[in-house]
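Asker: No letters, just coordinates:
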C-alpha cells in the first residue's frame, strides 16, 4: 500500500510460510503424500489416530530441514523437540498437531530480496517441522461437510520471518525469493495450486516513526502472490481507516475473499498458551550430529547468490541480468547449457534467453526445462547470428519457427531463404542502386543529417528483401558517400 507512509502510517509485515516437503511419505507414517488421490485413500492408522499407534519420524523430512537451514545461513539445532499443539477441529483426528515450539530445528538465517532495484535483507526467526492437518470439504456436500484425511501427516516446514517488511511489494518479493529457493534446493515442489506452498501474513500498522508494534491480524492460507499482495494492501487500509474512525484493531485471524477483494474475520487470534504446547511423549528429541549436517552440505547445489556472483564475474553479465537468470534453477541451468553449446559468447546467449526465450515461456506459462526450444537448438541459432549467416531480425522469425516445431535453425534458414548477404560485392551493387534512386537522402547525409544514413540502410535492406548485412551496408554507404 504505497499511500500508507504518506498518510503518516507505517505497515509492519511478517510472513509464516508452510512449505510441503518433497518426501514420498508422510512425516510420521509410511502413507503416501501424492496429490489428487481419492479422499481418505492415503490415510494410515497413524494419520487417523487409531488407539495405540505411534509416530516414527521421517529422516528425509529432517534432511530437507537441514538443507534449508544451510541455504539461509541459519543455526541448525543439535537437539530439537517435537511438541503437541492442542486444538479441536474436525480434520485434526488426534485433537492435537505435532509441531515444534520452544526448540525448533532451524533458528535465524536470512533471505536477501530486491524491491524496485533496492536490496533488502529479511531476517528469519525460525523454521520448524510439523505435520499438516486434513481438509474439510464444504462445497461438495449439501448441508454437510466432508473430511478428507489424505493431507493429515503431510510433512511441512513452517518458515517464520521477523516483522521486517514494510510494504506488500516487499512481502511478495520475499515470498517469491523463498518460493524459488525451496524449489532450487529440492525440498518443495512449490505448487501453490495444490497447497504445497502457502503463506500466512501477519499485518499491523503504526504511526510513522513509532517503535511500538501495533495489534496484528493474521491472514491465513494465501496461495498466490497476487492474493498475498492484495490481501496485505486491503488489510493495512482497513486497519488505518478503523483507527482513524476511533476504533481499535482486534487481534484475530482473517481470511482473504478474492471474489469481494477483502479480508473477513475468521476467529479471534489465539496466543501460544491457548494451544497448551507440551513436549510430545511419543517422540524422542531430534538429535542432529555435525557429521549429518556436513554430509547434507556436501550434496548441496550451488545457491542462487553464489551463482549470481559467478555469472557477473565469469561471464561479464550485468548484475540485473544475472539476478533474472538465477530467479529459477531451471532458467539458470538452461542459460549455462546454451553457453556451453554455443562455445562461449555468454552476453549474446543471455540476451536471447532473457528476450525471445523468456517471452515464449511467459506465453506458454512454462519453465525453461519444458521449453519447446532446447538449449542446444537456441545455441545453434545464436551461432548463426554471430557468424553473420542470419540477421537479428530474421533470427526472431527463425526462433518462432523453431518454437512451432519446424526444426533446427540451419534447416529453417535454408528452407525460408533467410541467409544474410554478407558478400561485399553483392551489397555494393545494391548500395549503388539505392544511392542512384535516393539522391536527396545522400545530400541530406552530406549536409550533416545523421538519420539520413539510417534511411539509406533501410532502403538497402528493403532492396535486398531483408537479407543484406546491415552493418556492412552502413560501412559501404559511408565509404561511398565519402
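Answerer: Now that the structure is in, tell me what you want to look at. Every value quoted in this text rests on a predicted model; they were computed, and no experiment measured them. Numbering: from 1, shown residues only.
Asker: Quick check: buried residues in the lengthiest helix in the chain?
Answerer: Across the chain, the helix with the greatest residue count (assigned by DSSP state H) is helix 225-244. Residues of helix 225-244 classed as buried by neighbour count (16 or more other CB atoms under 10 Å): 225, 227-240, 243. Where C-beta positions appear, they are placed from N, C-alpha and C, glycine not excepted.
Asker: Which residue is the nearest non-sequential neighbour of residue 183?
Answerer: Sequence neighbours aside, residue 190 is the residue nearest to residue 183 in space, at 4.4 Å (criterion: CB to CB, 6 or more residues apart in numbering).
Asker: again, but for residue 307
Answerer: That would be residue 326: by CB to CB, 6+ apart, it lies 5.0 Å from residue 307.
Asker: who's in contact with that neighbour?
Answerer: When contacts are counted by CB atoms under 8 Å, 6 or more residues apart in numbering, residue 326 touches 304, 307-308, 311, 332.
Asker: From residue 158, how far out is it?
Answerer: 26 Å (CB to CB, to the nearest Å).
Asker: same question, residue 205
Answerer: Distance of residue 205 to residue 158, computed by CB to CB: 25 Å.
Asker: Show me which of the two is the more surrounded one.
Answerer: residue 205 (27 against 18; other CB atoms under 10 Å).
Asker: what bridges to the more buried one?
Answerer: Assessed by DSSP bridges, residue 205 has beta-bridge partners residue 11.
Asker: just checking, it touches residue 236?
Answerer: Yes. Residue 205 lies in contact with residue 236 (CB atoms under 8 Å); the separation is 5.7 Å.
Asker: Roughly how far does residue 451 sit from residue 441?
Answerer: Taken as CB to CB, the span from residue 451 to residue 441 is 10 Å.
Asker: Then residue 461?
Answerer: Remark: distance between residue 461 and residue 441 (CB to CB) = 14 Å.
Asker: do residue 145 as well
Answerer: Residue 145 sits 77 Å away from residue 441, going by CB to CB.
Asker: Let me see the residues that make contact with stretch 26-35.
Answerer: Residues outside stretch 26-35 that contact it (CB under 8 Å, 6+ apart): 20-21, 23-25, 42-47, 55-58, 61, 98, 129-131, 153-156, 191, 194, 196.
Asker: Buried only: go through those for me.
Answerer: Among the contacts of stretch 26-35, those classed as buried by neighbour count (16+ other CB under 10 Å) are 20-21, 23, 25, 42-44, 46-47, 55, 57-58, 61, 98, 129-131, 153-156, 196.
Asker: Mind checking which of these are in helices?
Answerer: Judged by DSSP H, helices contain the following of the buried ones among the contacts of stretch 26-35: residue 61.
Asker: pLDDT weak spots in the stretch 151-300 of the chain?
Answerer: Low-confidence segments of the stretch 151-300 of the chain (pLDDT under 70): 269, 272.
Asker: ranges for the strands of it?
Answerer: In the stretch 151-300 of the chain, the strands defined using DSSP state E, counting those that start in this stretch lie at 155-161, 197-207, 217-222, 252-257, 262-268, 278-279, 286-287.
Asker: Run the angle between the fourth one and helix 225-244 for me.
Answerer: By that I understand strand 252-257. 130 degrees (axes from the mean of the first three to the mean of the last three CA atoms, to 10 degrees).
Asker: Same question for strand 252-257: list its buried residues.
Answerer: The neighbour-count check on strand 252-257 (16+ other CB under 10 Å) flags 252, 254, 256 as buried.
Asker: correct me, but the last one touches residue 229?
Answerer: No. Using CB under 8 Å, residue 256 and residue 229 do not qualify as a contacting pair, with a distance of 10.6 Å.
Asker: who has more neighbours, residue 451 and residue 441?
Answerer: Counted by other CB under 10 Å, residue 451 and residue 441 do not tie: residue 441 has more neighbours, with 22 against 10.
Asker: any idea which element the more buried one lies in?
Answerer: Assigned by DSSP states H and E, residue 441 belongs to helix 439-446.
Asker: mean confidence score for that helix?
Answerer: Computed over helix 439-446, the mean pLDDT rounds to 71.
Asker: Following the chain past it, name the next helix or strand.
Answerer: Downstream of helix 439-446, the next assigned helix or strand under DSSP H and E is helix 451-463.
Asker: The following helix or strand past that next one relative to helix 451-463, how many degrees between them?
Answerer: Following helix 451-463 in sequence order, the next helix or strand is helix 470-481 (DSSP H and E). With the same axes, to 10 degrees applied, the angle from helix 470-481 to helix 451-463 works out at 120 degrees.
Asker: residues in contact with helix 470-481?
Answerer: Under the contact criterion CB under 8 Å, 6+ apart, helix 470-481 has outside partners 391, 422, 424, 427-428, 430-432, 435, 442, 445-446, 453, 456-457, 460-461.
Asker: ok, now with 10 Å
Answerer: Helix 470-481 is contacted from outside by 388, 391-393, 420-424, 426-428, 430-432, 434-435, 441-443, 445-446, 452-454, 456-461, 463-464, 468-469, using CB atoms under 10 Å, 6 or more residues apart in numbering.
Asker: Surely residue 93 and residue 51 touch.
Answerer: No. Contact criterion CB atoms under 10 Å: residue 93 and residue 51 do not qualify, at 11.4 Å.
Asker: More neighbours: which of those two?
Answerer: Ranked by neighbour count (other CB under 10 Å), residue 93 and residue 51 place residue 93 first, with 19 against 5.
Asker: Can you tell me the closest non-neighbouring residue to the more buried one?
Answerer: Closest residue to residue 93 apart from its sequence neighbours, by CB to CB, 6+ apart: residue 49 at 4.0 Å.
Asker: same deal with residue 324?
Answerer: In space, and not counting its chain neighbours, residue 324 is closest to residue 354: 6.0 Å by CB to CB, 6+ apart.
Asker: how close does residue 414 sit to residue 295?
Answerer: To residue 295, residue 414 is 53 Å away according to CB to CB.
Asker: actually residue 477, not the one I wrote
Answerer: Remark: distance between residue 477 and residue 295 (CB to CB) = 65 Å.
Asker: Which of those two has more residues huddled nearby?
Answerer: residue 477 (23 against 12).
Asker: Show me how this protein divides into domains.
Answerer: 3-295, 302-416, 424-481 (automatic domain parsing).
Asker: Now do the second one, average pLDDT.
Answerer: Meaning domain 302-416. If you average the pLDDT over domain 302-416, you get 94.
Asker: Can you get me a residue count around the spatially closest residue to residue 229 that is not a sequence neighbour?
Answerer: For residue 229, ignoring the flanking residues on the chain, the nearest one in space by CB to CB, 6+ apart is residue 168 at 4.5 Å. Neighbour count for residue 168, taken as other CB under 10 Å: 24.
Asker: Likewise for residue 357?
Answerer: Neighbours of residue 357 (other CB under 10 Å): 23.
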